[in-house]
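Asks: have a look; sequence and predicted model below, questions after that.
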Amino acid sequence: MRDEVDSRFLGMLGLARRAGRVIIGTELVCRAMPKRGKDSVRLVIISDKASEATRKKLTVKSAFYGIEYIEVSIDTEELGRTLGKTYAPAAVAVTDENFAKELKRTREP
C-alpha cells in the first residue's frame, strides 16, 4: 500500500513538472512564496531528509504566507530523479491548484 501511494504521488509530481507547474529547490521555492496570481505557490513539499534548518526555514515561511506544506518520507535523490534533476532537492513547490489538491489527496490515509 505504501509503495502504491508513493508511486501515485511521484507520478503526479512528475506530471506537474512536465506541465511546468513546479519550482524545484529550497532557495527558488522561498523566493517564489511572496508571489501572488497565476504562478503563486499553492503547496510546498518538503523531504523528510531535509536538514532541520531547511525544514524550519520552509515551514516558517510557508506559515507566514499562508501556504500549505507537506512533509514526505521520500528520499531527496528519488525526488530529484522523479523531477529529472541530477541533484537532490529538499523542497519542491507546486503552482497549480489542481495538482496541489491531487498531491495532498494521495497523502491522505
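Replies: Yep, it's here.
Asks: dead centre of the chain: give me the residue that sits there.
Replies: Per CA atoms, centre = their mean, the C-alpha nearest to the average position across the chain is that of Ile45, at 2.7 Å.
Asks: measure stretch 36-55 end to end?
Replies: For stretch 36-55, the separation between the terminal residues is 23 Å (CA to CA, to the nearest Å).
Asks: ok, residues contacting that stretch?
Replies: For stretch 36-55, contacts defined as CB atoms under 8 Å, 6 or more residues apart in numbering pick out 13, 23, 26, 29, 32-33, 35, 58-59, 62, 65, 67-76, 79, 89-97, 99-100, 103-104. Where you see a C-beta, it was placed from the backbone N, CA and C, and this is true even at glycine.
Asks: next one: stretch 84-93
Replies: Contacts to stretch 84-93, defined as CB under 8 Å, 6+ apart, come from residues 13-14, 17, 22-26, 28-29, 32-33, 41-47, 49-51, 54, 58, 75-77, 79-80, 83.
Asks: now, which of the residues you listed lie within helices?
Replies: Judged by DSSP state H, helices contain the following of the contacts of stretch 84-93: 13-14, 17, 26, 28-29, 32, 54, 58, 76-77, 79-80.
Asks: need the buried ones from the residues you listed selected in ChimeraX.
Replies: Selecting only the buried entries of the ones in helices among the contacts of stretch 84-93 in ChimeraX, with 16 or more other CB atoms under 10 Å as the criterion:
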select :13,17,26,29,32,54,58,76,79,80
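Asks: in JSON lines, list the ones in helices among the contacts of stretch 84-93 along with pLDDT and distance to Asp6.
Replies: As requested, these are exported to JSON lines (pLDDT from 0 to 100; distance: CB to CB, whole Å):
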{"residue": "Leu13", "pLDDT": "92", "distance to Asp6": "10"}
{"residue": "Gly14", "pLDDT": "90", "distance to Asp6": "12"}
{"residue": "Arg17", "pLDDT": "93", "distance to Asp6": "16"}
{"residue": "Thr26", "pLDDT": "93", "distance to Asp6": "22"}
{"residue": "Leu28", "pLDDT": "94", "distance to Asp6": "24"}
{"residue": "Val29", "pLDDT": "95", "distance to Asp6": "21"}
{"residue": "Ala32", "pLDDT": "94", "distance to Asp6": "25"}
{"residue": "Thr54", "pLDDT": "94", "distance to Asp6": "21"}
{"residue": "Leu58", "pLDDT": "95", "distance to Asp6": "21"}
{"residue": "Thr76", "pLDDT": "85", "distance to Asp6": "14"}
{"residue": "Glu77", "pLDDT": "85", "distance to Asp6": "14"}
{"residue": "Leu79", "pLDDT": "84", "distance to Asp6": "11"}
{"residue": "Gly80", "pLDDT": "86", "distance to Asp6": "15"}
